[in-house]
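Asker: Curious how this folds, go ahead:
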Amino acid sequence: MNYSLQIAIILTAATLGLVANTLTLNVYAQNQNTSDSAAAENEITGGITSLQFDPIDKNTTWIVGGIYKLDNSSASSPTFNATFYMMKTDGSASHSHDIYDFVLKGQPITSDNSTTFSGASTVTMRDGPVTDVPTNITLLKDTAISISLDPTKIDSHFGNSPIYGTQYLKCEETKGICK
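Answerer: Have a look, this model is predicted:
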């Protein structure tokens, strides 16, 4: 892949992430303005900005951009929801997915730099929602997230690598940009 194409892909992914954040931030807005510091500590929101490689055609790259919210992260039953767009790097085949109904199995595993929540969730696909998809949500320090979905349950739709994102929403930090 040449340097110009790599730059174009990165800029496209960043733009799509900002657009997705702008269009869908209102979904989470009522929970963002809480004065309860305990609630704020248990709520993590951020942007999904990832490149996924097609498992069949290794030359096709998909851009993934959207938002997520992890609520009650220190409780026995955290809530995780994500919504994002996915399209080829040439802009074709645009479609969307949602991840919801996450059910934690066991306790989160914490190491020096990460915390992993293992469980199952529902993922929307072309033919309808797929339930009980094994899902790992890993918080990487206080800055990033990876979402791993069992490829065998969803026909390797997202390839074999995690979907990555940030633990930031630019609209929260710079409210004037997202009017």
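Asker: okay, CA-based contacts and neighbour counts for the rest of this
Answerer: OK.
Asker: which other residues reach stretch 90-106?
Answerer: Stretch 90-106 is contacted from outside by 76-88, 117-125, 135, using Cα atoms under 8 Å, 6 or more residues apart in numbering.
Asker: Mind giving me the ChimeraX select for those, buried ones only?
Answerer: Selection of buried members from the contacts of stretch 90-106 for ChimeraX, criterion 16 or more other Cα atoms under 10 Å:
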select :78,79,80,81,82,83,84,85,86,87,88,117,118,119,120,121,122,123,124,125,135
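Asker: Just give the closest residue to the residue nearest the centre of the chain, not the sequence neighbours.
Answerer: Among the residues of the chain, the one closest to the centroid is I48, at 4.1 Å (Cα atoms, centre = their mean). Sequence neighbours aside, G165 is the residue nearest to I48 in space, at 4.0 Å (criterion: Cα to Cα, 6 or more residues apart in numbering).
Asker: name the helices or strands packed onto the strand or helix carrying the one you found?
Answerer: Assigned by DSSP states H and E, G165 falls within strand 163-166. Where contact means 3 or more Cα pairs under 8 Å, 6 or more residues apart in numbering; DSSP states H and E, strand 163-166 is packed against strand 44-53, strand 144-149.
Asker: now the shortest one against strand 44-53, angle please.
Answerer: It refers to strand 144-149. Relative orientation of strand 144-149 versus strand 44-53 (axes from the mean of the first three to the mean of the last three Cα atoms, to 10 degrees): 60 degrees.
Asker: which residues are in contact with the strand holding G165?
Answerer: 46-52, 64, 143-148.
Asker: what comes up buried for it?
Answerer: For strand 163-166, by 16+ other Cα under 10 Å, it's 163-166.
Asker: Run a quick check on the residue nearest to the centre of the chain versus N81, I expect a contact.
Answerer: No: in this structure, I48 is not within contact of N81 by Cα atoms under 8 Å, at 11.7 Å.
Asker: Low-confidence stretches in this protein?
Answerer: Along the chain, segments meeting pLDDT under 70 span 1-41, 171-179.
Asker: which residues in the protein form helices?
Answerer: Per DSSP state H, the chain carries helices over the ranges 3-24, 26-32, 37-41, 170-173.
Asker: returning to that earlier point: pairing partners for the residue nearest to I48 in the sheet, please.
Answerer: I48, I145 (DSSP bridges).
Asker: Dump the helices and strands packed on strand 163-166 to CSV, plus distance to S111.
Answerer: Shown next, in CSV, are those (distance: least, Cα to Cα, whole Å):
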stretch, distance to S111
strand 44-53, 18
strand 144-149, 14
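Asker: Tell me which residues touch M86, please.
Answerer: Going by Cα under 8 Å, 6+ apart, M86 touches 62-65, 93-97.
Asker: Tell me which two of those residues sit farthest apart.
Answerer: G65 and A93 (14.0 Å; Cα to Cα).
Asker: quick one, which of these two is more surrounded?
Answerer: G65 (29 against 10; other Cα atoms under 10 Å).
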